[in-house]
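Asker: sequence and computational prediction follow.
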Amino acid sequence: MARYVFITGGVVSSLGKGLASAALGALLQARGYTVRLRKLDPYLNVDPGTMSPFEHGEVFVTDDGAETDLDLGHYERFTGVAARKTDSVSSGRIYSTVLEKERRGDYLGKTIQVIPHVTNDIKDFLRIGEDEVDFMLCEIGGTVGDIEGLPFFEAIRQFIHERPRGECILMHLTLLPYLAASGELKTKPTQHSVKELQSIGLAPNVLLLRSEKPVPTKEREKIALFCNVRPDAVIAAPDLKTIYEAPLAYHREGLDRAVLDAFQISPAPRPNLDRWTDVMDRMENAEGEVRVAIVGKYTQLEDAYKSIAEALTHGGMANRTRVKTEWIDAEIFEREDPAAYLEPFDAILVPGGFGERGTEGKIRAAQFAREKGVPYLGICLGMQMAVIEAARDLAGVADAGSEEFDHEAGKKRFTPVVYHLKEWVQGNHVVERKVGDDKGGTMRLGAYTANLRPDSRVAQIYGATTIEERHRHRYEVDTKYREKLEKCGLIFSGMSPDGRLPEIVEIPDHPWFIGVQFHPELKSKPFAPHPLFADFVRAAVEASRLV
Ligand code: GLN
């Protein structure tokens, strides 16, 4: 049975709880343990699939097709353990299953209450797969004291109470604000936050203190005394230059040691941190820099494209070079010549997106890359835009477009080179979608196989002719135009196993022009950069040498 580490936060939000959880996972792995990370989100949406990326950041998709919180991306990037549907849950999901059961009559005769019905469902969720790993790390979203979070905290209290002694610990993350006027780190908010936890029956075993300054021993001892935590379990988590420094930095501060101590695991297995020293070596000893333009819609919030930014960093590590990304709002190119903006860049990436806004600008960015021989990576919508561009400019379909935009406009303005897919094959069964289905989860979601043309650039990059990548989209490139486009030089080099759905397009007669219908960024890791990103950055390095 797994041991459980619950990770909570206090004082303020956005403290990097997800990152701390992921780094702890990596450190436990470094000591030879198996781990799984899990996120419990207090919001009432059933999943983040329908939330705006502006508000919530990217939606992370798992192999088994769940739309989850972006923290699951951190978990995967730090541990390499593929997340599952059952690693993410929200209050909305819990309540909706409880209510479904109520309607079905499962609780017949009973009054449905938060305790025990909601809390029981949360505990059931926590137990899934408990026999598979040594440690289960469960992060609670939000901060202690939030109204929505209460059922989760209560469920954890019960869970810890019901388990054999010593099998669960709680790690609490807080902020030590620095007061410049007095030159002090203040401990009071942390004390209050721990009190808040204690008032609902929870006591932290480990405290992780985020601060912009080093935490003096005096402050650590004070916190230990006031918060009833052992002094060596009060760990400083200083600001870091890069997130990938977290495992080594937290290890230096004694985080994994404190966690194993709290479980009374002694002697603790020695850690092997080679993976992380290599990652840091690649980051710190990078030579040169390439500039990549990301032409998208959600440019104000970097978290909206979190995995892409990280995958590009990994691509840089693979080439021992720094990748400087700049986000450009695609709409600008609907008014102005892209050349003026894009010329300084060594490569162009058009990411995924939904809706028509900005798409004409993305098409112009793809055209610029194709005509000027600039490395181009189109992801999902970015591939669709590249195909529409080629259909318009090369294959003579002047009004080529996507049904997605016609659907929004309510009238037919385009010849649909990209159409709405309503039926497809997944494994051995056919999936069907009807117009008017629920918005949530009606896409082609999760891992699908693609077969690559053996003589293609992508087959060479992957070093394979069968790949599996994650999807999240409703629309597909129509194979009706395949012959026409291939004659013009845009090759369909990756297809679904039944040959009906284009997965990858490329232009062999171009330094590097690839569009993919899936999201390769979701599978990239610092210690295993995704081959497409590694090669894209390599092409950018080559392009930078030409100027
Ligand atoms: N909006 C497009 C579709 O649904 C692309 C989605 C995406 O880029 N993730 O097919």
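Answerer: Structure received. Residues are numbered from 1 along each chain as shown.
Asker: can you pull up the most central residue in the chain?
Answerer: Against the mean C-alpha coordinate of the chain, by C-alpha atoms, centre = their mean, the closest residue is residue 73 at 3.1 Å.
Asker: thought it was touching residue 58?
Answerer: Yes. The pair residue 73 / residue 58 is scored as a contact, 7.1 Å apart, by C-beta atoms under 8 Å. Where you see a C-beta, it was placed from the backbone N, CA and C, and this is true even at glycine.
Asker: the ligand contacts on this structure?
Answerer: Residues of the chain that fall close to the ligand, judged by C-beta under 6 Å from any ligand atom: 352, 353, 354, 380, 381, 404, 472, 473, 474, 475.
Asker: identify the farthest-apart pair in those.
Answerer: For the residues of the chain next to the ligand, the farthest-apart pair by C-beta to C-beta is 404 and 472; their separation is 13.7 Å.
Asker: show residues contacting the one helix or strand the residue nearest to the centre of the chain maps to.
Answerer: Using DSSP states H and E, residue 73 sits within helix 71-79. Outside helix 71-79, the residues within contact range by C-beta atoms under 8 Å, 6 or more residues apart in numbering are 17-19, 21-23, 25-26, 29, 35, 37, 39, 58, 60, 62, 81-83, 87-88, 139, 141, 243, 246-247, 306-307, 310, 522-526.
Asker: these in helices, which ones?
Answerer: Here DSSP state H is the test, and the contacts of helix 71-79 give 17-19, 21-23, 25-26, 29, 246-247, 306-307, 310 as lying in helices.
Asker: most neighbours out of those residues, which is it?
Answerer: Ranked by neighbour count (other C-beta atoms under 10 Å), these have residue 23 at the top, with 29 neighbours.
Asker: so, low pLDDT: which residues of the stretch 151-300 of the chain?
Answerer: Confidence mapping of the stretch 151-300 of the chain against pLDDT under 70 gives the ranges 298-300.
Asker: now the strands for it?
Answerer: 168-175, 178-179, 184-185, 206-211, 234-238, 289-296 (DSSP state E, counting those that start in this stretch).
Asker: straight-line length of stretch 49-67, end to end?
Answerer: 5 Å (C-alpha to C-alpha, to the nearest Å).
Asker: show me what contacts residue 359?
Answerer: So residue 359 contacts 330, 353, 381, 385, 402, 405 (C-beta under 8 Å, 6+ apart).
Asker: with residue 131 instead?
Answerer: By C-beta under 8 Å, 6+ apart, the contact set of residue 131 is 1, 2.
Asker: if you set the cut-off to 7 Å instead, what comes out?
Answerer: For residue 131, the contact set (C-beta atoms under 7 Å, 6 or more residues apart in numbering) comprises residue 1.
Asker: relative to the ligand, which residue of the stretch 101-250 of the chain is the closest?
Answerer: residue 141 (23.6 Å; C-beta to the nearest ligand atom).
Asker: does that residue touch residue 45 like I think?
Answerer: No. Using C-beta atoms under 7 Å, residue 141 is not in contact with residue 45, being 11.6 Å away.
Asker: show me which of the two is the more surrounded one.
Answerer: Using other C-beta under 10 Å as the criterion, residue 141 and residue 45 rank with residue 141 on top: 23 against 15.
Asker: got phi/psi on the more buried one?
Answerer: phi -70, psi 160 (degrees, to the nearest 10).
Asker: for it, which non-adjacent residue is spatially closest?
Answerer: residue 41 (4.1 Å; C-beta to C-beta, 6 or more residues apart in numbering).
Asker: against residue 154, how distant is that neighbour?
Answerer: Residue 41 sits 16 Å away from residue 154, taking C-beta to C-beta, to the nearest Å as the criterion.
Asker: between those two, tell me which one has more neighbours.
Answerer: The neighbour count for residue 41 versus residue 154, taken as other C-beta under 10 Å, is higher for residue 41 (25 against 19).
Asker: who touches the more buried one in this structure?
Answerer: For residue 41, the contact set (C-beta under 7 Å, 6+ apart) comprises 69, 90, 141.
Asker: return the item of those having minimum pLDDT.
Answerer: On pLDDT alone, residue 69 ranks lowest of those, at 87.
Asker: tell me the contacts of that residue?
Answerer: Here residue 69 is in contact with 39, 41, 48, 60, 88 (C-beta under 7 Å, 6+ apart).
Asker: neighbours of the first one, how many?
Answerer: Each residue near residue 39 was counted by other C-beta under 10 Å, and the total is 26.
Asker: check the fourth one too.
Answerer: Burial of residue 60, expressed as a neighbour count using other C-beta under 10 Å, amounts to 26.
Asker: next up, the contacts around it.
Answerer: Neighbours of residue 60 in contact, by C-beta under 7 Å, 6+ apart: 68, 69, 70, 72, 73, 307, 522.
Asker: same question for the first one.
Answerer: Taking C-beta under 7 Å, 6+ apart as the criterion, residue 39 is in contact with 69, 71, 72, 87, 88, 139, 141.
Asker: point to the helix or strand of this structure where mean pLDDT is at its lowest.
Answerer: Least confident helix or strand, the chain: helix 53-56 with a mean of 70, by mean pLDDT, DSSP states H and E.
Asker: which parts of the stretch 351-500 of the chain are strands?
Answerer: With DSSP E, counting those that start in this stretch, the ranges of strands along the stretch 351-500 of the chain come out as 376-379, 400-402, 415-420, 423-426, 429-432, 444-452, 466-473, 475-477, 491-495.
Asker: quick revisit: now, which of the contacts of residue 359 sits nearest the ligand?
Answerer: Checking the contacts of residue 359 one by one against the ligand (C-beta to the nearest ligand atom), the nearest turns out to be residue 381, at 3.5 Å.
Asker: now that closest one: how far from residue 118?
Answerer: 38 Å.
Asker: again with residue 425
Answerer: Distance from residue 425 to residue 118, by C-beta to C-beta: 38 Å.
Asker: of these two, give the one with the bigger neighbour count.
Answerer: The neighbour comparison of residue 425 against residue 118 (other C-beta under 10 Å) goes to residue 118, with 21 against 14.
Asker: now do the residue sitting furthest away from the middle of the chain, the pLDDT please.
Answerer: Largest separation from the mean C-alpha position in the chain: residue 109, at 42.6 Å (C-alpha atoms, centre = their mean). Here, the pLDDT recorded for residue 109 equals 79.
Asker: same check, this time on the one 5 residues further on
Answerer: Predicted confidence (pLDDT) for residue 114: 92.
Asker: and residue 408, by the same measure?
Answerer: Residue 408 is given a pLDDT of 71.
Asker: and residue 547, by the same measure?
Answerer: Residue 547 is assigned a pLDDT of 65 by the prediction.
Asker: returning to that earlier point: next, the residue nearest to residue 141: phi, psi?
Answerer: The phi and psi torsions at residue 41 (degrees, to the nearest 10) take the values phi -110, psi 130.
Asker: mind checking how far it is from residue 452?
Answerer: 37 Å.
Asker: can you check residue 174 too?
Answerer: 49 Å.
Asker: neighbour count for the two, which is higher?
Answerer: residue 174 (29 against 21).
Asker: the more buried one against residue 209, yeah?
Answerer: Yes. Counting by C-beta under 7 Å, residue 174 does reach residue 209; the two are 6.1 Å apart.
Asker: who touches both of those two?
Answerer: residue 190.
Asker: which stretches of the stretch 1-150 of the chain have low pLDDT?
Answerer: Checking the stretch 1-150 of the chain against pLDDT under 70 turns up 53-54.
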